[in-house]
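Visitor: Coordinates for the following, if possible.
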Amino acid sequence: MKFANLAVIASALLMASQAQAMSVTNRDDDAAMVTIIVGDQEMMYEVAPGETLEDLCNTGCTAIFGNGEELSLSGTETIQIVQDKPNISR
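Guide: Below you'll find the predicted structure:
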């Protein structure tokens, strides 16, 4: 019984950590570019109008947006791109 309880708790913690990973939603009518840098890895993404990219980083990263704005993020933010600018909710 203790093992089953531990499994439920571990599963809940895993789901909670995944739910807190950074996401980016493009609210503009045109595609938006965002580059995510985690450690030595750099990934470029094109975010279509209305599209949401999830789980981009969860332990901290740097995000560079199409307008040139560069942000250091913890990995738990929700970002909406509006008029080519990132709006952050923490």
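Visitor: And stretch 76-88, what's buried?
Guide: By 16 or more other Cβ atoms under 10 Å, the buried positions in stretch 76-88 come out as 76-81, 86. For every residue, glycine as well, the C-beta is placed using N, CA and C.
Visitor: Check stretch 34-49 too.
Guide: 34, 36, 38, 45, 47.
Visitor: Identify all contacting residues around it.
Guide: Contact with stretch 34-49 is made by 24-26, 28-33, 53, 56-57, 59-66, 81, as judged by Cβ atoms under 8 Å, 6 or more residues apart in numbering.
Visitor: Buried ones among those?
Guide: 24-26, 28, 32, 53, 56-57, 61, 63-66, 81.
Visitor: What does the pLDDT read for Lys58?
Guide: I think there's a mix-up here, since residue 58 is Asn and not Lys. As predicted, Asn58 sits at a pLDDT of 88.
Visitor: Tell me if I'm right that it and Thr76 touch.
Guide: Yes: counting by Cβ atoms under 8 Å, Thr76 is a contact partner of Asn58 at 7.5 Å.
Visitor: okay, and the common contacts of these two?
Guide: Common neighbours of Asn58 and Thr76 (Cβ under 8 Å, 6+ apart) are 20-22.
Visitor: can you tell me which residues contact the most centrally placed residue in the chain?
Guide: The centre of the chain sits closest to Met22, judged by Cα atoms, centre = their mean, with a distance of 2.2 Å. If you count contacts by Cβ under 8 Å, 6+ apart, Met22 has them with 55-58, 61, 63, 73, 75-79.
Visitor: One more: Ser74?
Guide: Counting by Cβ under 8 Å, 6+ apart, Ser74 makes contact with 60, 90.
Visitor: can I get the buried ones among the contacts of stretch 34-49 in TSV with distance to Arg90 and secondary structure?
Guide: Below are the buried ones among the contacts of stretch 34-49 laid out as TSV (distance: Cβ to Cβ, whole Å; DSSP: H, G, I helix; E, B strand; the rest coil):
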residue	distance to Arg90	secondary structure
Val24	14	strand
Thr25	15	strand
Asn26	19	strand
Asp28	22	coil
Ala32	20	strand
Leu53	18	strand
Leu56	15	coil
Cys57	14	coil
Cys61	14	strand
Ala63	13	strand
Ile64	19	strand
Phe65	17	strand
Gly66	22	coil
Ile81	16	strand
